[in-house]
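Q: I'll drop the sequence and a predicted model, then ask my questions.
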Amino acid sequence: RADEYLAELLRLEAPLALTTCPGVPGRPCQDVQGIYKCLTCHDHRLFCLECFSFKHAGLYLHRIQEWTGTHFWPTTLAKIGVVVQLGHAPGDDCFSPRFANAKRFVVIDVDTVQVINLQYCGCTLNAGIGFDIQLLRARLYPATTHDPETCATFRALEHFQILSFMSKLSAYEYFAACCRLTDNTGTETPPNRYAQLLIMVREWRHLKFCKRFGRGNADGGRKQTQAGDLVVVCPACPQPGLNMHVKLPTDPDYVDRMFLAIDANFRLKRADVSSSERDPALNAGCAYFVEEETFDKYINLYEKVVPDEDSTCNKHDALKLASMRGGKGTASTGVGAVVCARHDTKRGSAVVNLKKGEKYIYMDYAFLSTLRLNTPDDLVISYDIACQWSKKLTKRIAVYPPWLHPRQSMEHMLYLVPKFHLPAHIPFCRFLYSFNWTPKVGRTEGEAPERSWSANNGSATSTREMGPGSRRDTLDDHFGDQNWRKVCLMMPALVEKLEEAVKERATHVVAFLGYEASLADANIIPIWREAVLKWEADPRAKGVFNPFTPTFRELRDNSVRLKLAEADAKYNDDTFPRHSVGPGISLFRVFNSRTGSTYMPLSISSATNTIFRIRLKRDASKLGQHATDNQKANLLEKVNRLKRRIEAWREVQSVYMPAATVIRHIWDVQAAPGHETAYDMKLLLPSAIGRVRCTLDQALFSAEKKLRIARAEDALGQLRELIILKSSMYRVKERQIRGQKRSGRANTQLKQVEDRIRECRDRYNRHYDKLCLLDKLFLNHDWKKSMKPLTEADCVAPGDSDGSEGHRTFSWIWLADIHVSDDARVQEGEPSRYFSSSSLTASSALRIEWCKSRARAKRWQEECNILRVEMRRVLATFEAQAAVW
């Protein structure tokens, strides 16, 4: 029906019939032809000039059109003589009108920018009332306080404010849209009042702040506004004197903890334009940004007093960017903020401008400033570099002025790392600063700042070129709107979370109890419980064992070599033919061939090649016919060294594995004449010639098994490190890297890491396949307790797999205990009473899973307790605020 709809659109472009004016109620019409219609009103009939002016006496900003005889032409009420009289009802005359000084008084509305004829009231009805006040009473906001020539309707300012919150629309785009709605041809462009709109919007934001927080009703008014008075507080967070009385005697103490999260945003930069003297902030530190003048004095005084600190953890982005400059023409490299970690609301006096990267001195000020507001005694602080930031925080606070010292005891502050950021830390930090393993924190994840930054980043373009005061006031308004929306949705959100928590609590408690019941050795559970309770009580205490970590280190090549040498010494002369090298050590040398200082692992499979041989073959194929003599010489030297090692191995092999010599002779006879390259030579290890095992001793198979287990575990250990590296690189790329050049370099590095991950996975699977073959021939399957086939789906970091820690299980590569053999265990600082005497390795794996399963059940139980108290606190906060109003 497109043609039918198109016809209706054309129908509206012409009058249905040229008839006389229908008139308006309360005014007789002279029965003249109607020529004016209103596009804003629903009544699209044509009226005469007098009736139309009478009808729109109070609707002076409507968009109208005039019938010329052939078409409609846009016009305004001002052009047809309509005068807007302030101070009186629409249509009433003033006995002493005063015309506006401006001949072109401009009004900005939601869909138009119009010039109107304006008269102020000068009669006794409004005696002594200024022109700007008369405009405000007509819901028109003046651009200046003295003889204004421009104003905006309250409706337009509210419309733009909400659009800026939702779509991050700039004032320029909004004004340009209003101008195009007024005249989309460019032939009669409205007067340019963009600069005046900026002033009105900024003042409007501040006045709405003051109005909503009762500053007009408070004693002293706006001038007595203090820090934090213009903040939408989180009703669910504990606030002394407001909502903490709802805690019941049966509630645990940890429900009164306040969870804070600290983070920085480097998207919200500001160019070096204007100054605080020319563009001061209207909120002046009473909302979310700190008071800038005091902050600048603090930075100038302490920036050189507080030195940078060396990191004992990985080189995180926050540390790398601590001294980052924003580049030429940048006054601020971003902002740092403190938010509510559980409900994602900005804290008052908790946002600072970063003058030069994410330095501790900036983040300390944001943290200590917000603690001066209404905060409880117990705090949990989440920061992506909490492991470094918290180490010397007490010493730094001692240097700062007394008014920044917190009233809370430092012993009541718990520092943790957000869950998503934690895998990028060193293993020590992953347990010590984990929300998952720390008791009394519920299911808090600490990543609230990241979610709020994603909503703020859209404002970066429009705020980058603002002056310092305008930018702070604008961002304050955006932060306040975010908090307001969080508060409006707080109750249904808490109900939804509680429903999920109750369900997950039942699931994980049942799973944990079922896991305990399935354990064969029930006597070990009290020992594990004692260990985990001791660690939870003080995980930082010296010598305290961490029950969440494996207790045995991997058995490295030198350890395997020692074991094989000891095994060779047990054999007498009748067991093997005499040779200077024993059978186990001979296999070890095959697995670990070294030439000079270059590590050269050799092939251990007749079916596939190792990484070195594959790379050597690849290098040979890439050499090309125009290779230099130096390139050819380097490749040939590597090939010759490899060939000599293989020939040396064959010499030893002929003594202990004569069947290999026979098989190789048969292959040489059957093979076509030609030169066999070193990287194609087959080694024929015991697993490859198992079908003639009658000529091989059992010790050879046992030696190969031990070596393959060690190599498989080495590959698995390297794989875990590379997966963590890859995960960290992806996060850095997503958050910090922009531009084609830097993104290209990052992608190249990521591809190199992915290639190394693939190589480690293939290397592990080759050893696994050969171990399975050895088991089929002679040996048992005890090594399979800690090893499984490795797939691509298994190669994911703990924080990157589907679901969160509370809902999922890790890939087996993160849960697998390190096990080599029953006679090759190495214990690391753990009392032996924590383990079963029969199988320490199996007990370690069971203990880790028991601890994690217990932690998941505990966190969900704590979450239910915290949520119930939070719901009571929300109601108490609302009741208290209602009583204040």
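A: Thanks, I have it. Model, not experiment: these values are computed from the prediction. Numbers count the residues shown, from 1 in each chain.

Q: Just the pLDDT for Val32.
A: pLDDT, the model's per-residue confidence, is 83 for Val32.

Q: so which strand or helix has Tyr768?
A: helix 740-777 (DSSP states H and E).

Q: Would you map the helices across the stretch 1-150 of the chain?
A: Counting by DSSP state H, counting those that start in this stretch, the stretch 1-150 of the chain forms helices over residues 2-11, 49-55, 131-137, given from the N-terminal end onward.

Q: want to throw those helices into a markdown table with distance to Ser454?
A: For the C-beta atoms, the positions are set from N, CA and C on the backbone; glycine is no exception. Output for these, formatted as a markdown table (distance: least, Cβ to Cβ, whole Å):
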| stretch | distance to Ser454 |
| --- | --- |
| helix 2-11 | 40 |
| helix 49-55 | 49 |
| helix 131-137 | 37 |
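
Q: Quick check: which of these has the most neighbours on average?
A: For those, ranked by mean neighbour count under the definition mean count of other Cβ atoms under 10 Å, the leader is helix 49-55 at a mean of 19.

Q: Ile381 - that's part of a helix, no?
A: No. Residue assignment for Ile381, taken from DSSP: H, G, I helix; E, B strand; the rest coil, gives strand, which places it outside any helix.

Q: Could you list the low-pLDDT ranges of the stretch 401-550 of the chain?
A: 518-521, 550 (pLDDT under 70).

Q: on that earlier part again, where does the helix holding Tyr768 sit relative to the chain's centre, distance-wise?
A: Taking Cα atoms, centre = their mean, to the nearest Å, the mean C-alpha location of helix 740-777 is offset from the chain mean by 28 Å.

Q: do stretch 495-515 as well
A: Offset of stretch 495-515 from its chain centre (Cα atoms, centre = their mean): 26 Å.

Q: can you check stretch 183-196 too?
A: Stretch 183-196 has its C-alpha centroid displaced from the chain centroid by 42 Å (Cα atoms, centre = their mean).

Q: What residues sit buried inside it?
A: Taking 16 or more other Cβ atoms under 10 Å as the basis for neighbour counts, the residues of stretch 183-196 that come out buried are 190, 193, 196.

Q: ok, now stretch 249-258?
A: 254-258.

Q: And stretch 382-394, by the same measure?
A: Residues of stretch 382-394 classed as buried by neighbour count (16+ other Cβ under 10 Å): 382-390, 393.

Q: Can I get the residues you listed in a markdown table including distance to Tyr298?
A: Written out in a markdown table, the entries for the buried residues of stretch 382-394 read as follows (distance: Cβ to Cβ, whole Å):
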| residue | distance to Tyr298 |
| --- | --- |
| Ser382 | 24 |
| Tyr383 | 20 |
| Asp384 | 23 |
| Ile385 | 21 |
| Ala386 | 22 |
| Cys387 | 25 |
| Gln388 | 21 |
| Trp389 | 18 |
| Ser390 | 20 |
| Leu393 | 16 |
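
Q: Next step: those restricted to strands.
A: Of the positions in the buried residues of stretch 382-394, 382-383 sit in strands, assigned by DSSP state E.

Q: In this structure Asn117 contacts Gln85, no?
A: No. Taking contacts as Cβ atoms under 8 Å, Asn117 lies outside contact range of Gln85: 9.5 Å.

Q: Select the helix or strand of this protein having the lowest average pLDDT value.
A: When each helix and strand of the chain is scored by mean pLDDT, DSSP states H and E, strand 598-600 comes last, with a mean of 29.

Q: before we move on, the earlier item: can you tell me which of the buried residues of stretch 249-258 end up in strands?
A: Among the buried residues of stretch 249-258, DSSP E puts Met258 in strands.

Q: between the buried residues of stretch 249-258, which is nearest Ile525?
A: Tyr254 (24.7 Å; Cβ to Cβ).

Q: what comes into contact with stretch 44-56?
A: For stretch 44-56, the external contacting residues (Cβ atoms under 8 Å, 6 or more residues apart in numbering) are 12, 15, 18-19, 21-24, 27, 29-30, 32-38, 62, 64, 67, 77, 80-82, 91.

Q: Tabulate the CA atom coordinates of it in PDB.
A: Extracted in PDB, the C-alpha atoms of stretch 44-56 (Å, rounded to 0.1, in the frame of the first residue of the first chain):
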ATOM      1  CA  HIS A  44      -4.900  21.300  10.500                       C
ATOM      2  CA  ARG A  45      -7.800  23.500   9.300                       C
ATOM      3  CA  LEU A  46      -7.200  26.900   7.800                       C
ATOM      4  CA  PHE A  47      -7.900  30.000   9.800                       C
ATOM      5  CA  CYS A  48      -8.000  33.700   9.200                       C
ATOM      6  CA  LEU A  49      -5.400  36.000  10.700                       C
ATOM      7  CA  GLU A  50      -7.400  37.200  13.600                       C
ATOM      8  CA  CYS A  51      -8.700  33.800  14.600                       C
ATOM      9  CA  PHE A  52      -5.300  32.200  14.200                       C
ATOM     10  CA  SER A  53      -3.600  34.900  16.300                       C
ATOM     11  CA  PHE A  54      -6.300  34.600  19.000                       C
ATOM     12  CA  LYS A  55      -6.000  30.800  19.000                       C
ATOM     13  CA  HIS A  56      -2.200  30.900  19.400                       C
END
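
Q: mean confidence for it?
A: If you average the pLDDT over stretch 44-56, you get 89.

Q: repeat for stretch 793-813
A: The model assigns stretch 793-813 a mean pLDDT of 62.

Q: Quick one: end-to-end distance for it.
A: Using Cα to Cα, to the nearest Å, the span of stretch 793-813 from its first residue to its last is 11 Å.

Q: try stretch 182-196
A: One end of stretch 182-196 to the other measures 18 Å (Cα to Cα).

Q: State the distance from Thr250 to Asn865.
A: 10 Å (Cβ to Cβ, to the nearest Å).

Q: Give me the phi and psi for the residue nearest the centre of the chain.
A: Note on the chain: the residue nearest the mean C-alpha position is Glu450, at 4.0 Å, using Cα atoms, centre = their mean. When read as degrees, to the nearest 10, the backbone of Glu450 gives phi -60, psi -40.

Q: The nearest residue to Leu404 once chain neighbours are set aside: which element?
A: The shortest distance from Leu404 to any non-neighbouring residue, by Cβ to Cβ, 6 or more residues apart in numbering, is to Leu368 (4.5 Å). Using DSSP H and E, Leu368 sits in helix 360-371.

Q: Ser332 versus Gly216, what's the distance?
A: For Gly216, the distance to Ser332 (Cβ to Cβ) stands at 32 Å.

Q: Between those two, which has more neighbouring residues?
A: Set side by side, Gly216 and Ser332 show unequal neighbour counts under other Cβ atoms under 10 Å, the larger going to Ser332 at 20 against 11.
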